[in-house]
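Trainee: Sequence and predicted model, in that order:
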Amino acid sequence: MTYVAQTRYVDRALAMDPDNLHALWVKAVTLFEAKAHYAESIPVWERFLALVPESTTDAATARGYVLRARERLRGAQRPAPGKGSP
């Protein structure tokens, strides 16, 4: 299944059930890993986190993804070495 087809399938599942944990997980992973859409993945991870108990390994993994997404977004805003102000 291509990423485009997978995304359509997941979006349809979420339209029917916005609390579908599996669909939220797949969408967030796809946005983060396959597309590098870090900013778009954060609200999906946060929605997932709102639905699972804090103490689960899934919650810990999702929190890690949020932290990594934010780090990558901050890194993308930094000027490359030798660029920008001295």
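Mentor: Cool, the structure landed. These numbers come from a predicted model, not from an experiment.
Trainee: who's in contact with the longest helix along the chain?
Mentor: Secondary structure of the chain per DSSP state H: the longest helix is helix 57-77. Helix 57-77 is contacted by residues 25, 28-29, 32, 36, 38-39, 41-42, 45-46, 48-49, 52-53 when judged by Cβ atoms under 8 Å, 6 or more residues apart in numbering. All C-beta spots, glycine's among them, are computed from the backbone N, C-alpha and C.
Trainee: Narrow those residues to those in strands?
Mentor: Members of the contacts of helix 57-77 lying in strands (criterion: DSSP state E): none.
Trainee: Give me the buried subset of the residues you listed.
Mentor: The neighbour count (16 or more other Cβ atoms under 10 Å) marks 25, 28-29, 32, 38, 41-42, 45, 48-49 as buried among these.
Trainee: returning to what we had before: please identify the buried residues of the longest helix of the chain?
Mentor: In helix 57-77, counting by 16+ other Cβ under 10 Å, buried: 59, 62, 65-66, 69.
Trainee: how about low-confidence regions in the protein?
Mentor: 1, 3, 78-86 (pLDDT under 70).
Trainee: let's go with 80 and repeat that
Mentor: 1-6, 76-86 (pLDDT under 80).
Trainee: Could I get the full set of helices for it?
Mentor: According to DSSP H, the helices that the chain contains are 3-16, 21-29, 38-51, 57-77.
Trainee: between the second one and helix 3-16, how big is the angle?
Mentor: Taking axes from the mean of the first three to the mean of the last three Cα atoms, to 10 degrees, one finds that helix 21-29 is oriented at 140 degrees with respect to helix 3-16.
Trainee: contact partners of helix 21-29?
Mentor: Residues contacting helix 21-29 (Cβ under 8 Å, 6+ apart): 6-7, 10-11, 13-14, 17, 41, 44-45, 47-48, 51-52, 58, 62, 65.
Trainee: chain center to it, what's the gap?
Mentor: 8 Å (Cα atoms, centre = their mean, to the nearest Å).
Trainee: CA atoms only for it, dumped as PDB, please.
Mentor: The C-alpha trace of helix 21-29 is given here as PDB (Å, rounded to 0.1, in the frame of the first residue of the first chain):
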ATOM      1  CA  LEU A  21      -6.200   4.800  18.400                       C
ATOM      2  CA  HIS A  22      -4.800   2.700  15.600                       C
ATOM      3  CA  ALA A  23      -5.700   5.200  12.900                       C
ATOM      4  CA  LEU A  24      -4.300   8.100  15.000                       C
ATOM      5  CA  TRP A  25      -1.000   6.100  15.500                       C
ATOM      6  CA  VAL A  26      -0.600   5.300  11.800                       C
ATOM      7  CA  LYS A  27      -1.400   8.800  10.800                       C
ATOM      8  CA  ALA A  28       1.100  10.300  13.200                       C
ATOM      9  CA  VAL A  29       3.900   7.900  12.300                       C
END
